[in-house]
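**Student:** next one to model:
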Amino acid sequence: PGWFDAVGREHRACREAAALFDQTSFAKALIVGKDAEAALSWIAANNVAKPPGAVTYTQLLNHKGGIECDLTITRLAKDRFYVVTGTAFGTHDFDWIRRSIPEGMDARVIDVTSANSVLALMGPRAREILQSCCDDNLSNAAFPFMTSREIRLAGAPVLAIRVTYVGELGWELHIPVDFAVSVYEALIEAGAPFGLVDAGYRAIESLRLEKGYRAWGADIGPDHTPPMAGLGWAVKMKSGAPFQGRDALVQAAGLPLPRLLAGFAVDDPEIALLGRETIYRNGLRVGWLSSGGYGYSIGMAIGYGYVRNSDGVDPTFVLSGDYQLEIAGERRQATVSLSPFYDPKAERIRA
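**Tutor:** Okay, here's the model as predicted:
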């Protein structure tokens, strides 16, 4: 496609220097009230009972253990949390939270999507750029991964959340809309000597595919449980704490998984993966790609899809097969992986 090279330039800038993404379309909400922690502890599969400033990546599950929402929850205060979810998911996700708050609990959902712009500054030089614009200590020790803090930037109060969907050091900067332009201009000016570029959503898609980050509505949804999606690490099963969907996960724990999400790479520069390509394991159809694209850092087309088997699926089953993808009517050899194709140890995001 005509945009292929342009997306590649944005992708490489994010990996090698820094990129600035306008993600204002994220849906945002406050969960407030004296029972906010208790309500979210029931609704969220991961642990949100953390000190103010902590950021939690979590799924919200239905009674069958399926993933209804995939989002981050930042604790702002004892009785206040900030929820950020994907573009266009706000109506669904915030309604799910409202309906899941246990009866009698003092917890309310306030949609603040239109109040805040979001600029995501990502890349190995993101810290240098942001530090040149503000007086706050942004060192790894002072501002670790998966934490948040309010900083001052170009005269604006900014909620800086150190999280990523592209697999690089960076911050989501949540800015009152009135200050968005001035903050953007300050970042672009400060970032010019460091190679900062504007980047868009196609670059985000390419970057997240290399890192194996899931997309709700494509790779995960109400029919997929965290273990099926390779997200069991984000579920507080060991704590024994009750949460919505836990009973279903406990019941399924002793049974074979019916499917498991895996990554596939095709080492052919002429191949484009778009999603819905059929997956063959040892010559048999076992699924289809839920998403696909191109990984500019690894130089290969990348796709994700569930490997299915009526007798059950585990990592050994997935990794022991020989795989092909049916692309435009032709079968092409593919490499399978259950780890990210890029930075599998997540060393870059912790910087």
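**Student:** ranges for the helices of the chain?
**Tutor:** Assigned by DSSP state H, the helices in the chain fall at 4-16, 36-43, 90-100, 126-131, 180-191, 201-211, 246-252, 315-319, 347-350.
**Student:** and residue 283, which of the ones you listed is closest to it?
**Tutor:** Nearest to residue 283 among these is helix 315-319; the distance by CB to CB comes to 15.2 Å. C-beta coordinates here come from the backbone N, C-alpha and C atoms, glycine included.
**Student:** and that closest one, what does it pack against?
**Tutor:** Judged by 3 or more CB pairs under 8 Å, 6 or more residues apart in numbering; DSSP states H and E, helix 315-319 is in contact with strand 257-266, strand 300-313.
**Student:** partner strands of the last one, parallel or antiparallel?
**Tutor:** Sheet pairing for strand 300-313, assigned by DSSP bridges, gives strand 257-266 (antiparallel), strand 284-295 (antiparallel).
**Student:** enumerate every residue touching residue 1.
**Tutor:** Taking CB atoms under 8 Å, 6 or more residues apart in numbering, we find residue 1 in contact with residue 272.
**Student:** residues near residue 14, how many?
**Tutor:** By other CB atoms under 10 Å, the residues close to residue 14 number 30.
**Student:** doesn't residue 203 make contact with it?
**Tutor:** Yes - judged on CB atoms under 8 Å, residue 14 makes contact with residue 203 at a distance of 6.5 Å.
**Student:** between the two, which contacts overlap?
**Tutor:** Common contact partners of residue 14 and residue 203 (CB under 8 Å, 6+ apart): residue 166.
**Student:** any idea how far residue 197 lies from residue 123?
**Tutor:** With distances taken as CB to CB, to the nearest Å, residue 197 is found 9 Å from residue 123.
**Student:** who has more neighbours, those two?
**Tutor:** Between residue 197 and residue 123, counted using other CB under 10 Å, the more crowded position is residue 123 (27 against 18).
**Student:** dihedrals phi and psi, that one?
**Tutor:** The phi/psi pair for residue 123 (degrees, to the nearest 10) reads phi 140, psi 160.
**Student:** now what about stretch 99-112, what contacts it?
**Tutor:** Against stretch 99-112 from outside (CB under 8 Å, 6+ apart): 27-36, 38-40, 42-43, 60, 90, 94, 97-98, 244.
**Student:** first-to-last residue distance for it?
**Tutor:** Distance between the two ends of stretch 99-112: 18 Å, counting by CA to CA, to the nearest Å.
**Student:** buried set for that stretch?
**Tutor:** Neighbour counts over stretch 99-112 (16 or more other CB atoms under 10 Å) mark 100, 101, 107, 109 as buried.
**Student:** could you do stretch 112-129 as well?
**Tutor:** Quick answer for stretch 112-129 (16+ other CB under 10 Å): 113, 116-129.
**Student:** same deal with stretch 151-162?
**Tutor:** 151, 153, 154, 156, 158, 159, 160, 161, 162.
**Student:** tell me who's in contact with the second one.
**Tutor:** Going back to what we said before, that points to residue 153. Per CB under 8 Å, 6+ apart, neighbours of residue 153: 130, 133, 134, 173, 175, 183, 186, 187.
**Student:** from residue 293, how far out is it?
**Tutor:** To residue 293, residue 153 is 32 Å away according to CB to CB.
**Student:** list the contacts of residue 264.
**Tutor:** Residue 264 sits next to 273, 279, 289, 302-305, 323, 325, 334-337 when contact means CB under 8 Å, 6+ apart.
**Student:** good, we can wrap up now.
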